[in-house]
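Student: build me a model:
(one chain, ligands or ions: 3)
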Amino acid sequence: IYLQPVVRTLSERVCGYEALARWIDPIYGFISPGDFVPILEDNGLSYRLDTFVVKRVAEIQSRNADQGIPIVPISVNISRSDFDNCSPVDVITGALDEYGLRRNCICVEITETALMNNEGIIKQEIGRFNEAGIEVWMDDFGSGFSSLNLLKDYNFDEIKLDMLFLRDFSEKSKVIMTMAVKMAKELGIHTLAEGVENEEQIEFLKSIGCEKIQGYYYSKPLPINELNKYLSKQGLMFETREEKSVYEKTGLIDVVTQQALGLVFLTV
Ligand code: C2E
Ligand code: MG
Ligand code: MG
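Tutor: Ligands and ions are numbered 1, 2, ... in the order given. You can find the predicted model right below:
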């Protein structure tokens, strides 16, 4: 399992990680999840990978807690076919309970395309995640055909803007990202941009009030044992629980407005 840090735009502190599977084969070397995940999905086996990832993530969180390392949420990717072969809600709550972890230690990412043409089972399961207090994020927002309908029909806590908007970075893409962030805030949904690689993109995402940033600019996905060393070398600090509760509220304020806005910190 590799982890990629997610950074809060307002504070430039690490506010989470995404867990990404890596297959390092003794013969073939490094195999990308883009190659092996679709094969597992087509054969109804991705639930075994994802169950493994969830258990490892719970173990990592528990070890961090024991070592006094600040705990930030780690998101896991759940494939559509997982819902046909296991109950991802039970797998995640089971792993959290086993290690005595809070429900906000793990978040779930479901890619937008997985939600199209489903027969209601995923809707029901997302409802169960909501009830269990586990955040559900829509991955690759804007990559499919029915993003807006999905926002209406499901309760998502966060959307991850598809990285193709940043790859393109045309005036049209910028308008779409601006409006998507504005709309999400209006709906009380948090926003994250994936695939951020340069300063120009960061400045733009800050200017539209996108709350979180993930991408090579801060860090590539890294193995766990290299991560903390890398972050301290980069001078990246972790967000505390108190900071999170403040930023989760301020992050929902729309900054693309005519009104003058200021963010003031008072330390007593
Ligand atoms: P994703 O969930 O949308 O993950 C983001 C992908 O973008 C990752 O690719 C990450 O390494 C890459 N990325 C992050 N920052 C940047 C950047 O700044 N520039 C560029 N060009 N790329 C960036 P990765 O790890 O190859 O994963 C590909 C996809 O495979 C993931 O897309 C996800 O859908 C799937 N996947 C990965 N791990 C798992 C897993 O454990 N379970 C399941 N079901 N799917 C997984
Ligand atoms: Mg993802
Ligand atoms: Mg994505």
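Student: is Gly29 bridged to anything, and to what?
Tutor: Judged by DSSP bridges, the bridge partners of Gly29 are Asp25.
Student: count of neighbours near it?
Tutor: 8 (other CB atoms under 10 Å). All C-beta spots, glycine's among them, are computed from the backbone N, C-alpha and C.
Student: what residues are up against the residue of the stretch 151-268 of the chain found nearest ligand 2?
Tutor: Nearest to ligand 2, among the residues of the stretch 151-268 of the chain, is Lys160, at 6.5 Å (CB to the ion). Applying CB atoms under 8 Å, 6 or more residues apart in numbering to Lys160 gives the contacts Glu109, Trp137, Met138, Asp139, Asp140, Phe141, Leu192, Ala193, Glu194, Gln214.
Student: list the contacts of stretch 39-55.
Tutor: Residues from elsewhere that reach stretch 39-55 (CB under 8 Å, 6+ apart): 1, 19, 21, 37, 76-82, 84-86, 88, 91-92, 95, 106.
Student: among those residues, which lie within helices?
Tutor: Those of these mapping onto helices are Val37, Asp82, Asp84, Asn85, Pro88, Val91, Ile92, Ala95, per DSSP state H.
Student: count of neighbours near the last one?
Tutor: Using other CB under 10 Å, Ala95 is surrounded by 23 other residues.
Student: surely it touches Ala58?
Tutor: Yes - with contact defined as CB atoms under 8 Å, Ala95 counts as touching Ala58 (3.9 Å).
Student: which residue packs closest to Ser62, ignoring adjacent ones?
Tutor: The shortest distance from Ser62 to any residue other than its chain neighbours is 3.9 Å, reached at Tyr99 (CB to CB, 6 or more residues apart in numbering).
Student: likewise for Leu236?
Tutor: Val14 (5.4 Å).
Student: residues in a beta bridge with the one you found, which ones?
Tutor: With DSSP bridges as the rule, Val14 is bridged to Val7, Phe238.
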